[in-house]
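Asker: sequence plus predicted model, see below.
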Amino acid sequence: MRTNRFMRHTMMVAALVLVGGLCAVVTDAADQGSKAASLSASPESLGTVASGAAEDSLKACLARIPKAASAGQRMIAEQGCGRDQDERQAMSDVPGK
């Protein structure tokens, strides 16, 4: 009976230590990710118009496509710029705005 109780207490303590250790590892991993994910804006980009903004234009959108983009990437980006331009045009055509 005493051996049974001792084994049960030992297993409970081991389980609590294991859970506490796992929580510390998960918390540490989450902290490391947040440091790497911090972004900063460069002074040059502060004056540019955001992609998809109402002030954006087809010409500005096409200018943001990297020169090193493959033909497929360029095609997809051009289609996206055209779609955004169509949506901006449709919004400007709405009466009462």
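Answerer: Yes, it's here.
Asker: helices of this structure, start to end?
Answerer: In the chain, the segments counted as helices under DSSP state H are 2-36, 58-63, 71-92.
Asker: for the ones you listed, give me a markdown table that also has mean neighbour count.
Answerer: From N, CA and C alone the C-beta is placed, and that goes for glycine too. Below are the helices of the chain laid out as a markdown table (neighbours: other Cβ atoms under 10 Å):
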| stretch | mean neighbour count |
| --- | --- |
| helix 2-36 | 9 |
| helix 58-63 | 14 |
| helix 71-92 | 13 |
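Asker: let me have those in a markdown table, extended by mean pLDDT.
Answerer: A markdown table is the format used below for those (pLDDT from 0 to 100):
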| stretch | mean pLDDT |
| --- | --- |
| helix 2-36 | 71 |
| helix 58-63 | 88 |
| helix 71-92 | 89 |
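Asker: wait, Ile65 sits on Ala71?
Answerer: No - the criterion here is Cβ atoms under 8 Å, and Ile65 misses it with Ala71 at 11.5 Å.
Asker: please name the residues that touch Leu58.
Answerer: Contacts for Leu58 (Cβ atoms under 8 Å, 6 or more residues apart in numbering) come out as 81-82, 84-85.
Asker: how about those residues, which pair is most distant?
Answerer: Spatially, the most separated pair among the contacts of Leu58 is Gly82 and Asp84, at 7.3 Å (Cβ to Cβ).
Asker: quick check: phi and psi at Ser70.
Answerer: phi -70, psi 170 (degrees, to the nearest 10).
Asker: which pLDDT value goes with it?
Answerer: Looking at Ser70, its pLDDT reads 94.
Asker: report how many residues lie close to it.
Answerer: 9 (other Cβ atoms under 10 Å).
Asker: distance check, it against Val94.
Answerer: 37 Å (Cβ to Cβ, to the nearest Å).
Asker: kindly report the domain assignment for the chain.
Answerer: The chain breaks down into these domains under automatic domain parsing: 1-29, 53-92.
Asker: hang on, the earlier thing: could you dump the contacts of Leu58 to JSON lines with distance to Phe6?
Answerer: Listed next are those as JSON lines, based on distance: Cβ to Cβ, whole Å:
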{"residue": "Cys81", "distance to Phe6": "72"}
{"residue": "Gly82", "distance to Phe6": "74"}
{"residue": "Asp84", "distance to Phe6": "70"}
{"residue": "Gln85", "distance to Phe6": "75"}
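Asker: fine by me, thanks again.
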